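**Q** 3D model of this:
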Amino acid sequence: MSDTHFDVIIVGAGLSGVGAARHLQLNCPGKSFTLLEGRDSIGGTWDLFRYPGIRSDSDMYTLGYSFRPWKESKAIADGPSILKYVKDTASEASIDQHIRLSHQVKRASWSTADAAWTVECEVGPDKTLTQLTCNFLFMCSGYYSYAGGYTPDFAGTERFGGQIIHPQKWPQDLDYAGKKVVIIGSGATAVTLVPEMAKTAAHVTMLQRSPTYIVARPDYDAVADWLRARLPAKLAYSLTRWKTVLLGMYFFRMCRKAPDRVKALLLSGVRAALGPDYDIKKHFTPRYNPWEQRLCLVPNGDLFTSIKEGKSSVVTDQIETFTETGLTLKSGETLEADIVVTATGLNLELLGGLEVTIDGVPTDVSKTLSYRGMMYSGLPNLAASFGYTNASWTLKCDLTCEYVCRLINHMDKKGLRQATPVLTDPSMGTEPWLDFSSGYVTRSIDKFPRQGDRAPWKLHQNYALDIMNLRFSSLDDGVMKFSNPMKAKAAKRVAETV
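**A** Numbers count the residues shown, from 1 in each chain. Coordinates of the predicted model:
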């Protein structure tokens, strides 16, 4: 077997990439593949982020893979446990033997004549250029830049005498015990950091421009524990998974149909946790409706407990300037700080910054239209794995992997080498790739493809609907164009293996 040519190249060896490799093993067992990972270790997000208390904000019965039950007791798992889950999956299925570390993919060029992608990587610290080829390119590199997170240009940072840290570049030797900490932000990272750092810090202040919806729930799933004690692990996992999916879909639908009712319900939970005297309206009542941005989950209400105990506090204001000893706010209030954490979001990045060329012509992928939320108009034999915004990432990724495997097997059966989504309907309207008001999305949405206003170019945030569209729908939908016949001998050989 060639060590430079593969049937499938998977870019990324995190949760998505390892899952994609396992789906290939199970559904396309005759296909050769490799995973190209830009960093020197696998795990993606769960290896990159090392800040205190890092955890999932989705339950592991849906963030876990469809093919490998989550067997740990905690439904809301910490980062190291999730990383172990990914590594164990790779090891048990021998996927780790197919991973090439320190291979940073930079460019991909498609040749119709060869029905192949040439993938160019920078390898190792010396960034030695290496080329590999494949028939199908599967991008599992996530949606944000690993180079660094987003930090606004705050005035006066050069004067500040303490440390300014972004969670994406957390120093492992940081000692915050007995220190005054200000965490800028109100998203999932901020609400995770606050109660964890407050355990040893002198005090932690969460400084936010505006509030986010925050929901407390137990980190254990009592139903899952009951099922697991009485049923085989795979069946218990599947039932728990569907229970969680259906409840999530119901809640999301309620947010769309009766936002005021859901808003009142969410705020009543915060009020019950913090008491009637706390200023819920100022600090925990967002200006938008539930699920117009992602909800933040606090397991066991740890953020609220920390606030009630006086170990942390929330300030809703805007920054005027950094000073030598902290921050001055627009209201005139000052916050003293030894450490400032800018939990201010990610920098979104399409396909890991990949440069794409089709038959010698550079292609701007942001100008394409997204097909079924995973492929792009005019780009042959290329798919990308993206998760849901309103549910667990892996739910959509599992379905994407199943579809890609179906597509590859279909081409083999037909003796064809190329599958290209082609937009032929001139009346197709377009919409942003994501209908989401979070800052990290609105800052970068113009760098992403648009979606259509109807199937199969419409992106659904609905797991049940996607099951029908991706698992059971016809591949020959009039939009996916199959072409580029195999040579007779090759077609016969491939057909015999399918």
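**Q** Help me confirm that residue 331 comes into contact with residue 319.
**A** No: if you go by CB atoms under 8 Å, residue 331 and residue 319 don't touch, sitting 10.6 Å apart. In short, each C-beta sits where N, CA and C put it, glycine included.
**Q** Tell me which of those two has more neighbours.
**A** residue 319 (20 against 11; other CB atoms under 10 Å).
**Q** is that one in a bridge, and if so with what?
**A** Beta-bridge pairing of residue 319 under DSSP bridges involves residue 329.
**Q** quick one: contacts for it?
**A** 154-155, 184, 207, 327-330 (CB atoms under 8 Å, 6 or more residues apart in numbering).
**Q** try residue 167
**A** By CB under 8 Å, 6+ apart, residue 167 lies in contact with 49, 51, 149, 189, 193, 341-343.
**Q** mind running it again at 6 Å?
**A** 51, 189, 343 (CB atoms under 6 Å, 6 or more residues apart in numbering).
**Q** Could you tell me how many residues sit around the last one?
**A** When counting by other CB under 10 Å, one arrives at 26 neighbours for residue 343.
**Q** swap in the first one?
**A** For residue 51, the number of neighbouring residues by other CB under 10 Å comes to 22.
**Q** ok, which stretches of the chain are helices?
**A** 15-27, 45-48, 60-63, 79-92, 188-197, 222-230, 233-257, 259-274, 280-284, 302-308, 393-414, 439-442, 463-466, 488-497 (DSSP state H).
**Q** Out of those helices, which is closest to residue 349?
**A** helix 439-442 (11.1 Å; CB to CB).
**Q** pLDDT averaged over the closest one, what's the number?
**A** Regarding helix 439-442, the rounded mean pLDDT is 70.
**Q** And for stretch 480-496?
**A** 74.
**Q** ok, now stretch 395-406?
**A** 96.
**Q** swap in stretch 24-43?
**A** Stretch 24-43 shows a mean pLDDT of 97.
**Q** mind listing what's buried in that stretch?
**A** Residues 24-25, 28, 31-39, 42-43 are the ones in stretch 24-43 that count as buried (16 or more other CB atoms under 10 Å).
**Q** cool, and stretch 83-97?
**A** Under 16+ other CB under 10 Å, the buried positions of stretch 83-97 are 83, 85-87, 89-90, 93, 95-96.
**Q** Output these in CSV, with distance to residue 287 appended to each entry.
**A** Shown next, in CSV, are the buried residues of stretch 83-97 (distance: CB to CB, whole Å):
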residue, distance to residue 287
83, 36
85, 37
86, 37
87, 41
89, 41
90, 43
93, 46
95, 45
96, 46
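**Q** Could you single out the nearest of the residues you listed to residue 378?
**A** residue 95 (31.1 Å).
**Q** contacting residues around the closest one?
**A** Counting by CB under 6 Å, 6+ apart, the residues that residue 95 touches are 18, 21.
**Q** how many degrees apart are the longest strand along the chain and helix 393-414 in direction?
**A** Longest strand in the chain, counting residues (DSSP state E): strand 128-139. For strand 128-139 against helix 393-414, the angle by axes from the mean of the first three to the mean of the last three CA atoms, to 10 degrees is 90 degrees.
**Q** Show me what counts as buried in strand 128-139.
**A** Here strand 128-139 shows 132-139 as buried, counting by 16+ other CB under 10 Å.
**Q** And for stretch 475-482?
**A** 479-480, 482.
**Q** In TSV, list the residues you listed along with distance to residue 360.
**A** As requested, the buried residues of stretch 475-482 are exported to TSV (distance: CB to CB, whole Å):
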residue	distance to residue 360
479	25
480	24
482	23
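**Q** So which of those is the closest to residue 222?
**A** Once CB to CB is applied, the member of those that ends up nearest residue 222 is residue 480, at 44.0 Å.
**Q** list the contacts for that closest one?
**A** 419, 421 are the contacts of residue 480 under CB under 6 Å, 6+ apart.
**Q** Now do it against residue 451, distance only.
**A** Taking CB to CB, to the nearest Å as the measure, residue 480 and residue 451 are separated by 16 Å.
**Q** next one: residue 165
**A** 36 Å.
**Q** just residue 473 next, same as before
**A** Taken as CB to CB, the span from residue 473 to residue 451 is 17 Å.
**Q** Likewise for residue 349?
**A** Distance from residue 349 to residue 451, by CB to CB: 18 Å.
**Q** The two: which has the busier surroundings?
**A** residue 451 (23 against 18).
**Q** and that one, what are its bridge partners?
**A** Under the criterion used (DSSP bridges), residue 451 bridges to residue 370, residue 431.
**Q** Hmm, it is touching residue 368, no?
**A** No: judged on CB atoms under 6 Å, residue 451 makes no contact with residue 368 at a distance of 10.4 Å.
**Q** contacting residues around residue 108?
**A** 117, 119, 137, 354, 356.
**Q** and the third one, bridged to which residues?
**A** Yep, that's residue 137 we're talking about. Beta-bridge partners, per DSSP bridges, of residue 137: residue 9, residue 382.
**Q** what do you get for the second one?
**A** With DSSP bridges as the criterion, residue 119 is bridged to residue 108, residue 132.
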